[in-house]
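Asks: Sequence unavailable; structure follows:
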């Protein structure tokens, strides 16, 4: 993918620099297809719960493990991708992830062996985990500081787009087959829900060969002229030369980035890394992926039909996209920290409302829950407002900040740690949900998520530093 340089580049408000905005947008669009894969897989599994239970004879714990096996892979993939990206390059690791995801999607769609299904889901998870940390890392390293927040927020737009696309595909597949257990062309509809993931994976794989390597990675590996070539495609010649010098100065001469860069003798990790871990874990502790992964199951527990549950998933996806687009418009104006605080407050209130709504649920002889008209309306409105607050704040901002908050010298290793924490927390929440819902009920489960949202308000106020408008070379560890 080649782009115009020099005089053909478009000016921005970042000082006197002229940037090739069209080229930057194009390569950001490619990088964020990794977010689309993340979102699509999260949404695809949402409609396959009944199929997985029927095909593999799973109880609640087995279902949680089967769904969550992807998240174990995500944690592993996110951890090793950060370090591997420092060794072989950001783009190279994303290509490896796309291949792995493609193979995993096909196996999940075809296999009748539970162990092989779980292995394929784990492999796909490694790919999703790698792409989830490398996409914002890559974007932060190619986008100018004054639009970096907006460009990085596209990652969340793509995640939600992938979710919504999966909800739509699942809905129409289930409608065509009569249910997720019905057949289309000789295969169960729920299997087509997995096979459909191969399409965005193939697109991602092909598109990655059209974008350049990160200039900051190239400088780190001593490939200054290659970095200059990329920077000349991103900026005018004068800005490219200046930025090359700034990037070189941000690395310790004679010291290659290593995992030791993130460590501290007194506190295990350096303070900036602990801040990243906090962002990564509390993004999950508020329970957002219960809506994403178990939305269809959640609404069926609340007494609605599979068709209505899938329709509510589509509604959640639509309002999510709208919320992220609002965040994209304001993140470089109002900053990251204010959005986090607004989101934490809004999620605390809406989660509390959902806790109240489910606290009055009654169960029939078959164990199906039923809500009163008032409680049902409250749950529906609160759930969608909760999704809006999350996708206006913690959804995009966490990824934006993880991509930009760490100094160049430690970015890969710090992202490895934060990515491991993020996906580990994700797995803990998803794996525990079926057991919690059975044990303490939906009201008790949402009360735990409400408490996490309240705690996050105080953590953001105390430990998060604003990064709006700062160059990556100015980040302090």
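Replies: Happy to help now that I have it. From a predicted model like this one, the values you see are computed outputs, not experimental measurements.

Asks: so how far is residue 97 from the spatially most central residue of the chain?
Replies: Of all residues in the chain, the one closest to the mean position by C-alpha atoms, centre = their mean is residue 132, 5.5 Å from it. Residue 132 is 9 Å from residue 97, where distance means C-beta to C-beta, to the nearest Å. For glycine as for every other residue, the C-beta is placed from the backbone atoms N, C-alpha and C.

Asks: now do residue 157
Replies: Distance from residue 157 to residue 97, by C-beta to C-beta: 20 Å.

Asks: cool, and residue 105?
Replies: Counting by C-beta to C-beta, the gap from residue 105 to residue 97 is 12 Å.

Asks: same thing with residue 183?
Replies: 32 Å.

Asks: out of the two, which sits in the more crowded spot?
Replies: When residue 183 is set against residue 97 and neighbours are counted by other C-beta atoms under 10 Å, the residue ahead is residue 97, at 28 against 13.

Asks: packing partners for the helix or strand hosting that one?
Replies: For residue 97, the host element (DSSP states H and E) is helix 90-110. Packed against helix 90-110 by the contact rule (3 or more C-beta pairs under 8 Å, 6 or more residues apart in numbering; DSSP states H and E) you find helix 33-44, helix 60-88, helix 114-142, helix 189-195, helix 198-208.

Asks: Ok, which of those helices comes nearest residue 378?
Replies: helix 33-44 (24.8 Å; C-beta to C-beta).

Asks: between the helix or strand just after the closest one and helix 114-142, how many degrees?
Replies: The helix or strand immediately downstream of helix 33-44 is helix 49-56, counting by DSSP H and E. Helix 49-56 runs at 140 degrees relative to helix 114-142, counting by axes from the mean of the first three to the mean of the last three C-alpha atoms, to 10 degrees.

Asks: let's have the chain start at 659 instead
Replies: Shifting the count to begin at 659 puts that one at helix 707-714.

Asks: tilt between helix 707-714 and helix 718-746?
Replies: Using the same axes, to 10 degrees: helix 707-714 against helix 718-746 is 100 degrees.

Asks: Name the residues of helix 707-714 that are buried.
Replies: 707, 708, 709, 710, 711, 713, 714 (16 or more other C-beta atoms under 10 Å).

Asks: Out of these, flag the one nearest to residue 994.
Replies: Among the buried residues of helix 707-714, and counting by C-beta to C-beta, the member closest to residue 994 is residue 707, at 35.1 Å.

Asks: quick one: the closest residue to residue 976 other than its chain neighbours and residue 797, what's the gap?
Replies: Among residues not flanking residue 976 along the chain, residue 822 sits closest, at 6.4 Å (C-beta to C-beta, 6 or more residues apart in numbering). Per C-beta to C-beta, residue 822 is found 21 Å from residue 797.

Asks: what mean pLDDT does the helix or strand encompassing the residue nearest to residue 976 have?
Replies: Per DSSP H and E: residue 822 is located in helix 806-835. Averaging pLDDT along helix 806-835 yields 85.

Asks: next one: stretch 1064-1071
Replies: 87.

Asks: Kindly report the same for stretch 984-1002.
Replies: The model assigns stretch 984-1002 a mean pLDDT of 95.

Asks: hang on, the earlier thing: among residue 822 and residue 797, which residue is more densely surrounded?
Replies: Each of residue 822 and residue 797 has its neighbours counted (other C-beta under 10 Å); residue 797 has more, 27 against 22.

Asks: on that earlier part again, as a markdown table, the helices and strands packed on helix 748-768 with mean pLDDT and distance to residue 1131 would be great.
Replies: Conversion of the helices and strands packed on helix 748-768 to a markdown table gives the following (pLDDT from 0 to 100; distance: least, C-beta to C-beta, whole Å):
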| stretch | mean pLDDT | distance to residue 1131 |
| --- | --- | --- |
| helix 691-702 | 82 | 25 |
| helix 718-746 | 85 | 17 |
| helix 772-800 | 91 | 11 |
| helix 847-853 | 89 | 43 |
| helix 856-866 | 93 | 26 |
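
Asks: Burial-wise, tell me which of those helices comes out on top.
Replies: helix 691-702 (a mean of 27; mean count of other C-beta atoms under 10 Å).

Asks: what ranges do the helices span in the stretch 1009-1135 of the chain?
Replies: Remark: helices assigned in the stretch 1009-1135 of the chain by DSSP state H, counting those that start in this stretch are 1031-1050, 1052-1062, 1069-1097, 1099-1121.

Asks: Can you say which of the ones you listed is packed in most?
Replies: Mean neighbour counts for these (mean count of other C-beta under 10 Å) peak at helix 1052-1062, with a mean of 27.

Asks: which other helices and strands contact it?
Replies: For helix 1052-1062, the packing partners by 3+ C-beta pairs under 8 Å, 6+ apart come out as helix 772-800, helix 806-835, helix 929-943, helix 964-992, helix 994-1017, helix 1069-1097.

Asks: I'd like to know which of these is closest to residue 898.
Replies: helix 772-800 (12.2 Å).

Asks: The residue lying closest to residue 1129 once chain neighbours are set aside: neighbour count?
Replies: Nearest residue to residue 1129 in three dimensions, chain neighbours excluded: residue 803, at 5.0 Å (C-beta to C-beta, 6+ apart). By the criterion of other C-beta under 10 Å, residue 803 has 21 neighbours.

Asks: Low-confidence ranges, the stretch 1009-1135 of the chain, go.
Replies: Scanning the stretch 1009-1135 of the chain for pLDDT under 70 picks out the ranges 1021-1027, 1135.

Asks: can you rerun that using 50?
Replies: Low-confidence segments of the stretch 1009-1135 of the chain, defined by pLDDT under 50, are absent.
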